[in-house]
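Peer 1: Predicted coordinates and the sequence they were generated for:
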Amino acid sequence: MKFFTKKILKEENYKKGLELLKELRDKSRLEEGCIYYDLYQDADERYTIIINEEWESEEAQINHTKTEHFKRIVPAVADLCEKPFKLVRFVDLKD
C-alpha cells in the first residue's frame, strides 16, 4: 500500500521541520514492512515537502503509526506547518 502526504512548512520552521522529517524517514525505513520511505522537496515551492511511502500491508502501516518516533515527530511537524494535509492512500491498479 502506498501513501503520499504534503507538508508546507512555515519559512521560519523549515530547518527544524526538515530535520524532524529526515529523522522520521530514517527511522521508518528500519521498520518491518517498510518498502520505501522518501522525502521530496517541491521544485517550485521550497518549503513544501512531499512524503512518499510504501508498506507491505495496511497492517505494517498501522504499526508504523504506533511507533515512538511517529507519535513524537508527526505532531511536532504539524505544529511547524502552514496547514494540515490529509494522508492519501493508493493501491496499484491491476490490468
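Peer 2: Yep, that arrived. Here the structure is a predicted model, which means the values were calculated and not measured.
Peer 1: Point out where the protein drops to low pLDDT.
Peer 2: Scanning the chain for pLDDT under 70 picks out 95.
Peer 1: mind checking the longest helix of it?
Peer 2: Counting residues, the longest helix in the chain under DSSP state H turns out to be helix 14-29.
Peer 1: Show me what secondary structure element comes after it.
Peer 2: Sequence order places strand 34-41 as the next helix or strand after helix 14-29, per DSSP states H and E.
Peer 1: quick one, phi/psi of V91?
Peer 2: Backbone torsions of V91, given as degrees, to the nearest 10, read phi -130, psi 150.
Peer 1: Can you report how many residues neighbour S57?
Peer 2: The number of residues packed near S57 is 10, by other CB atoms under 10 Å. Just so you know, the C-beta spots here come from the backbone N, C-alpha and C atoms, and that holds for glycine as well.
Peer 1: err, A76, not the other one
Peer 2: By the measure other CB under 10 Å, the count of residues near A76 is 14.
Peer 1: does it sit in a helix, a strand or a coil?
Peer 2: At A76, secondary structure determined by DSSP: H, G, I helix; E, B strand; the rest coil is helix.
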